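[1] Next comes the sequence, and after it the predicted model I'd like to discuss.
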Amino acid sequence: MKKYISLLILILGLFISMPLLAQEKEATMEIKFEKVDSNNVCNVYVVSEGQPVKEVAVKLYVERLFGLLPIKDEVSTDENGVASFEFPNNLPLNSDGKLIVLAKVEDDENYGSFEAKTESTIGFKPDLSFLEKRERSLSAGRDRAPIYFIIASISIISAIWGTLIYVVLQVFKLKKLTH
């Protein structure tokens, strides 16, 4: 029985270490932006041991508040190790006026998973001036609620409390009449 357990542990250890043995090469990425005609282009350079890596699937993302926003479908690197993406200029920038751009290679046979991150200023600064206005609206909080909502809610609350007070007074009058 111990022989079978030892054999099972050995086989399981081989299966676990196989992916680690297969990844002998290490690669790095660099992200650069340039303007071609009127388009913004994001070039991702993939290099391993000083040589460009070709035919590696690269995905491009932008960091958002709750996760990663994919920019385009995956693009394979060419013979120069470059994956080119047309970068949109209609993405809102963060409060610092920047976008955090990530390029990822996921589960490649030879190089495994790795990523590169950089900042970009391609995009637009959203107009948040409407947050500073103190206008009354349906979606506003207490102090900016529409006047007719305030009047209606006070009227309804007054009517309910008035009815309750009237009922209690009638109960007291009924008690006085029975004594």
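    Alright, I've got the coordinates. Residues are numbered from 1 along each chain as shown.

[2] Pull the residues that contact stretch 35-42.
    Residues outside stretch 35-42 that contact it (C-beta atoms under 8 Å, 6 or more residues apart in numbering) are 31-34, 60, 71, 84-89, 101, 120, 122. (C-beta placed from N, C-alpha, C; glycine too.)

[3] Just the buried positions in that stretch, please.
    Asn40, Cys42 (16 or more other C-beta atoms under 10 Å).

[4] How far off centre is that stretch?
    25 Å (C-alpha atoms, centre = their mean, to the nearest Å).

[5] Restrict that stretch to CA atoms and write it as PDB.
    In PDB, the C-alpha atoms belonging to stretch 35-42 read as follows (Å, rounded to 0.1, in the frame of the first residue of the first chain):
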ATOM      1  CA  LYS A  35       1.000  59.200 -33.600                       C
ATOM      2  CA  VAL A  36       0.500  57.800 -37.100                       C
ATOM      3  CA  ASP A  37      -1.400  60.200 -39.400                       C
ATOM      4  CA  SER A  38      -4.300  61.200 -37.100                       C
ATOM      5  CA  ASN A  39      -4.500  57.900 -35.200                       C
ATOM      6  CA  ASN A  40      -2.800  57.000 -31.900                       C
ATOM      7  CA  VAL A  41      -0.900  53.700 -32.100                       C
ATOM      8  CA  CYS A  42       0.200  51.700 -29.200                       C
END
